[in-house]
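Participant: curious how this folds, go ahead:
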Amino acid sequence: QLAKHVFGASRVVATASTGKLELLRNLGADLAVDYTKENFEDLPEKFDVVYDCVGQCERAVKAMKEGGKVVTVSGAVTVPAFKFIVTSKGADLEKLNPYLESGKVKAIIDRKGIYPFSQTLEGLAYVDTGRVAGKVRAVKAMKEGGKVVIVIGAVTVPAFVFIVTSNGADLEKLNPYLESGKVKAVIDPNGIYPFSQTLEGLAYVDTGRVAGKVVIYPIQQDN
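Facilitator: This next block holds a predicted model:
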């Protein structure tokens, strides 16, 4: 969508499995390639920019024109490359608003990919199957009169929509209070879990009884 409707690419070719080809066409792809039947790098047509979302940069390099570019956002880079970290930037995100409001760019939610918060692990497992057609969303039930805050996915109920971005200047203002002890990070004493128990940690958050933050640590905690 961004390549075709925002950045004005004259031709967009995208890959997907057989069942997702029509979705690609509906989103603006000029050509949808079924990767279960042919290798995109073997196409006679070569490309100015190849955007790799699945960690196959070696194949992507073979698909670009001489002097072209490969952008990879997944997996290890196995060819000589320039690496950098992308962070959220409010000014860039705001540029998308007209396209979202006009309908040129739409949030695509997989109809099978909506899970209650307590089934977050199942949602992640579905993502891992590689069969997702759009975004997977975890939602949490609210009380009558409550509020819904969506941090990922499309808003499908009447809502006031805004974009929150990281702001270094605001965070720096907190430093003196953190250093002086006036503001402290509050960790729930019952909410410290090893990475292998992430599901239990999420389930504890979902109880609504958390007093502070729940922490998932990636290595064995020293006793």
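Participant: ok, the closest residue to E41 other than its chain neighbours to Q56 distance?
Facilitator: Spatial nearest neighbour of E41, excluding adjacent residues (CB to CB, 6 or more residues apart in numbering): K62 at 3.9 Å. Any C-beta I mention is one placed from the backbone N, CA and C, and that applies to glycine too. Computed as CB to CB, to the nearest Å, the K62 to Q56 distance reads 10 Å.
Participant: higher neighbour count, those two?
Facilitator: Per other CB atoms under 10 Å, whichever of K62 and Q56 has more neighbours is Q56, with 21 against 15.
Participant: which is the next helix or strand following the helix or strand bottoming out on mean pLDDT in the chain?
Facilitator: In the chain, the helix or strand scored least confidently by mean pLDDT, DSSP states H and E is strand 135-139, which has a mean of 64. Downstream of strand 135-139, the next assigned helix or strand under DSSP states H and E is helix 168-180.
Participant: quick one, domains of the protein?
Facilitator: Domain segmentation of the chain under automatic domain parsing yields 2-87, 90-96+102-139, 168-217.
Participant: helices and strands around the helix or strand hosting V205, which ones?
Facilitator: Here V205 sits within helix 198-206, counting by DSSP H and E. Where contact means 3 or more CB pairs under 8 Å, 6 or more residues apart in numbering; DSSP states H and E, helix 198-206 is packed against helix 120-128, strand 187-194, strand 213-217.
Participant: again, only this time at 6 Å
Facilitator: strand 187-194, strand 213-217 (3 or more CB pairs under 6 Å, 6 or more residues apart in numbering; DSSP states H and E).
Participant: what's the closest of those strands to V33?
Facilitator: strand 213-217 (38.5 Å; CB to CB).
Participant: who does that closest one pair up with?
Facilitator: Strands that pair with strand 213-217, judged by DSSP bridges, come out as strand 187-194 (parallel).
Participant: what residues sit buried inside the strand it pairs with?
Facilitator: Residues of strand 187-194 classed as buried by neighbour count (16 or more other CB atoms under 10 Å): G191, Y193.
Participant: quick one: residues in contact with that strand.
Facilitator: With contacts defined as CB atoms under 6 Å, 6 or more residues apart in numbering, strand 187-194 is touched by E200, G201, Y204, V210, A211, G212, K213, V214, V215, I216.
Participant: ok so, going back, figure out which of the helices and strands packed on helix 198-206 is closest to G68.
Facilitator: Using CB to CB, the nearest of the helices and strands packed on helix 198-206 to G68 is strand 213-217, at 40.2 Å.
Participant: ok, the contacts of strand 187-194 vs V105, which is closest?
Facilitator: Lowest distance from V105 to the contacts of strand 187-194 (CB to CB) belongs to I216, with 33.2 Å.
Participant: for the chain, which spans come out with low pLDDT?
Facilitator: By pLDDT under 70, the weakly predicted segments of the chain are 6, 74-89, 93, 136-167, 182-183, 208, 219-223.
Participant: now do 50
Facilitator: Where the chain drops to pLDDT under 50, the residues are 142-144, 148-164.
Participant: just give me the neighbour total for the residue nearest to G191 when sequence neighbours are not counted.
Facilitator: Computed as CB to CB, 6+ apart, the closest residue to G191 that is not its neighbour in sequence is V214, at 3.7 Å. Other residues lying near V214 total 17 when counted by other CB under 10 Å.
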